[in-house]
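K.L.:
take a look and give me a structure for this.
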Amino acid sequence: GPIVAEIVVNAAGMWAPEIMAMLGIDLPFVIFLHQHLVTEPSPLVAALTRRLPTLRDPLGGFNVRQEGMGLLSGVYEHEPAFWGENGVPPGFGREVFAPDWERSQDFLDNAVRRVPLLGQLGIKMVYNAPTSRTPDHNPLCGPVPGLRNFYLAAGFAAGIMQSATTRLVAQWIAEGEPEIDCAPIDVKRYGAHATKDFTYAVVRAGHKFAGAIDYPHGERGAARPGKTSPLHAAHRAARAVFGARNGWEVPLWFAPPGVEAEDRAAFGAPAWWPHVRAEALAAHDGAAMFDATSFSKFALVGADACAALDRLSASAIPATDGAVAPLVFLTPQGRIAAWLLGARWTQDRYALFGPPEHEDRDFDWLWRNIPPGFDARLENGTNRDGALLLVGPGTPRLLDQSPEAASAHEIVAGGVRAMAVRGTAYGSEGFLVTAGFERLAALHGHFRAAGVREIGLRALDALRLWNGVARRGLDIDSATTAGESALAARIAWQKRDYIGRDTAHGERARGPARRLAWIEVSSDIPPHQNDAVFDGDRAIGLVGSGSCAQETGRALAFASLPAALAAPGTPLAIEILGARKAAVVLAPPSAAASSAAS
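P.N.:
Presented below is the predicted three-dimensional model:
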């Protein structure tokens with residue numbers, strides 16, 4: 001019967017999707033049969049004076065560890081044997097199924113070659129039993145979007161490795177936020193595109209490659225294309241190479257005639273860099289256009305929209321109709337909750353724009369924190385409105401604009417009515433032009449006819465690093481504080497009431513322990529996420545994002561460093577593919593450049 005509780009945590013393992021289905025929510029979560037064997041005891045194992053370490057061979061597709069006085073070996077399968085597609089059968093408990101070595105025999109042979117003792121011992125037991133998987137093999141944890149006081153802790157692929165996440169779920173419940181960034185396990189990392197069909201396709205494609213090499217700039221190929229812009233066919237005709245961002249097909253770069261329109265996985269300098277550099281230079285020196293339909297597009301609407309946004313935002317909000325401002329949102333612990341571009345249409349309607357990867361997290365955070373009793377509701381127009389991002393110093397002439405302060409207003413371009421929001425884009429002059437899906441192609445054609453070059457997401461990424469603009473999810477995450485993030489200049493310190501105010505003021509008074517540093521590196525190969533930063537022989541931080549600089553032989557990166565070592569001019573080194581490369585901290589860019597909501 002009914003059970004009343006203040007807080008509900010769905011930690012029901014393979015039954016978790018059935019509980020969520022009671023609420024009309026689908027989880028990106030499937031079940032398949034996975035098997036491992038346990039050997040008979042071995043005198044060699046019994047004679048050991050200490051326990052064997054766990055051996056995992058990702059490319060061999062197996063793992064081996066000690067189990068009692070014998071060995072345990074788990075192996076992958078070429079094709080997952082899905083089970084319980086329509087739910088776990090009633091009455092199922094902890095039963096195991098008959099072994100099925102055909103789908104994993106060669107992986108088992110690899111294990112025996114690596115650990116010959118496995119092939120010499122009798123098999124005590126074979127466990128072929130159900131296990132759960134999500135598309136990326138990480139669990140689904142945290143507050144369920146759209147529900148209050150309802151949390152998930154399910155989808156664990158390997159409890160012995162992932163069990164520590166339960167501490168983080170407890171912090172989410174008790175303190176409102178975990179102590180570290182939990183984006184890799186947050187249930188909100190998947191949007192509505194992560195359907196059951198999507199999940200089956202991704203798990204099927206990725207299962208046997210679970211230990212494959214993770215190359216820089218790699219893109220998942222399964223279950224694509226997902227959501228597409230109205231310009232998708234035009235991009236294909238223009239020889240775009242696509243990536244996936246929150247289910248959207250997004251142009252990464254455009255292959256010139258005679259160049260293969262395909263990414264090649266590799267370490268070292270990417271083969272596409274010369275073409276991406278040309279795109280980035282077009283935006284840096286003139287005018288370029290990016291299909292930003294994947295960007296999140298929210299509206300905060302209602303008689304109290306202005307007051308609600310002012311309470312939510314740590315930044316000064318746009319105060320007059322048509323005004324635009326980058327907005328920083330903090331958690332109660334003073335960490336970065338969101339970073340969006342805000343525009344005021346009227347006192348009771350505000351537009352908010354952000355990157356596609358954070359759409360569901362941003363929407364949920366804003367929705368949860370609208371003050372009780374306020375007449376303000378949050379709407380999501382991301383799947384309704386297309387967008388073009390015009391970037392570069394030549395963009396004002398495209399819209400017959402003078403180089404004045406940022407503004408938001410209606411325009412007519414090529415006979416198409418659209419809304420233009422002006423501000424910095426990845427550190428450069430720019431406009432975000434939005435229009436309904438049905439009008440986007442005509443708008444796109446107008447700017448193409450005007451000679452605007454089309455660019456991809458990688459060019460924008462290079463452009464933001466050239467301009468010293470950090471990126472959420474790489475350089476700044478949900479554990480980064482205002483002082484650490486270099487966004488303190490965007491906080492309205494004089495404001496009396498906003499989420500995280502007291503904590504942010506406390507950090508400002510004592511100074512942050514770490515700071516985000518913009519770094520130049522002597523290297524033809526760009527640094528990649530998690531490359532180590534050194535002060536002498538001491539590792540002091542990890543790279544968030546990196547790219548080649550405009551000139552040959554130089555690269556740029558962001559990294560969180562101890563505050564004393566984040567001062568401009570500090571000599572450092574970054575280890576790239578095993579080689580230490582000389583680096584130096586650069587002076588922070590101008591406040592205008594660093595304000596882009598990228």
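K.L.:
counting by contacts, list what the strand or helix carrying Ala583 packs against.
P.N.:
Element membership for Ala583 (DSSP states H and E) is strand 579-585. Packing contacts for strand 579-585, counted by 3 or more Cβ pairs under 8 Å, 6 or more residues apart in numbering; DSSP states H and E, involve strand 514-521, strand 555-562, strand 571-576. Yep, even glycine has a C-beta here, placed from its N, CA and C like the rest.
K.L.:
of those strands, which approaches Ala413 most closely?
P.N.:
Among those, the nearest to Ala413 by Cβ to Cβ is strand 555-562 (33.7 Å).
K.L.:
outside of whichever strand or helix holds Ala153, which residues touch it?
P.N.:
Ala153 is part of strand 150-154, with elements assigned from DSSP H and E. Applying Cβ atoms under 8 Å, 6 or more residues apart in numbering, the contact partners of strand 150-154 are 7-13, 16, 20, 23, 27, 29, 132, 139-144, 165-166, 169, 172-173, 187.
K.L.:
before we move on, the earlier item: and the strand holding Ala583, how far from the chain's centre?
P.N.:
The chain centre lies 27 Å from the centre of strand 579-585; the measure is Cα atoms, centre = their mean, to the nearest Å.
K.L.:
what residues sit buried inside that strand?
P.N.:
Lys581, Ala583, Val585 (16 or more other Cβ atoms under 10 Å).
K.L.:
and the angle from it to strand 555-562?
P.N.:
Angle of strand 579-585 versus strand 555-562, following axes from the mean of the first three to the mean of the last three Cα atoms, to 10 degrees, is 70 degrees.
K.L.:
tilt between strand 579-585 and strand 514-521?
P.N.:
Going by the same axes, to 10 degrees, strand 579-585 makes 120 degrees with strand 514-521.
K.L.:
what residues does strand 579-585 touch?
P.N.:
Residues contacting strand 579-585 (Cβ under 8 Å, 6+ apart): 517-523, 533-534, 555, 557, 561, 565-575.
K.L.:
what does stretch 503-516 give?
P.N.:
Residues from elsewhere that reach stretch 503-516 (Cβ under 8 Å, 6+ apart): 314, 330, 332-334, 470, 475-476, 480-486, 488, 491, 493, 541, 544, 558-563, 566.
K.L.:
mind running it again at 10 Å?
P.N.:
Residues from elsewhere that reach stretch 503-516, judged by Cβ atoms under 10 Å, 6 or more residues apart in numbering: 314, 328, 330-335, 470, 475-476, 480-488, 491, 493, 498, 500, 540-541, 544, 558-567, 585, 588, 594.
K.L.:
buried among the contacts of strand 579-585? Need that as a selection in PyMOL.
P.N.:
With 16+ other Cβ under 10 Å as the burial test, the buried ones among the contacts of strand 579-585 are selected in PyMOL as follows:
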select buried, resi 517+518+519+520+521+523+533+534+555+557+561+565+566+570+572+573+574
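K.L.:
returning to what we had before: mind listing the strands the strand holding Ala583 pairs with, and their directions?
P.N.:
Strand 579-585 has the following strand partners under DSSP bridges: strand 514-521 (antiparallel), strand 571-576 (antiparallel).
K.L.:
wait, which of those is closest to Leu341?
P.N.:
Per Cβ to Cβ, nearest to Leu341 of these: strand 514-521, 19.7 Å.
K.L.:
could you point out which element follows the closest one?
P.N.:
Sequence order places strand 532-535 as the next helix or strand after strand 514-521, per DSSP H and E.
K.L.:
so for stretch 363-381, what's the average pLDDT?
P.N.:
In this model, stretch 363-381 has an average pLDDT of 97.
K.L.:
what's the end-to-end length of that stretch?
P.N.:
One end of stretch 363-381 to the other measures 11 Å (Cα to Cα, to the nearest Å).
K.L.:
which parts of that stretch are buried?
P.N.:
Across stretch 363-381, burial judged by 16+ other Cβ under 10 Å covers Phe363, Asp364, Trp365, Leu366, Asn369, Ile370, Ala376, Leu378, Asn380.
K.L.:
of the residues you listed, closest to Ala98?
P.N.:
Taking Cβ to Cβ as the measure, Ala98 lies nearest Asp364 of the buried residues of stretch 363-381, at 43.7 Å.
K.L.:
point out where this protein drops to low pLDDT.
P.N.:
Low-confidence segments of the chain, defined by pLDDT under 70: 159-160, 208-211, 401-406, 590-598.
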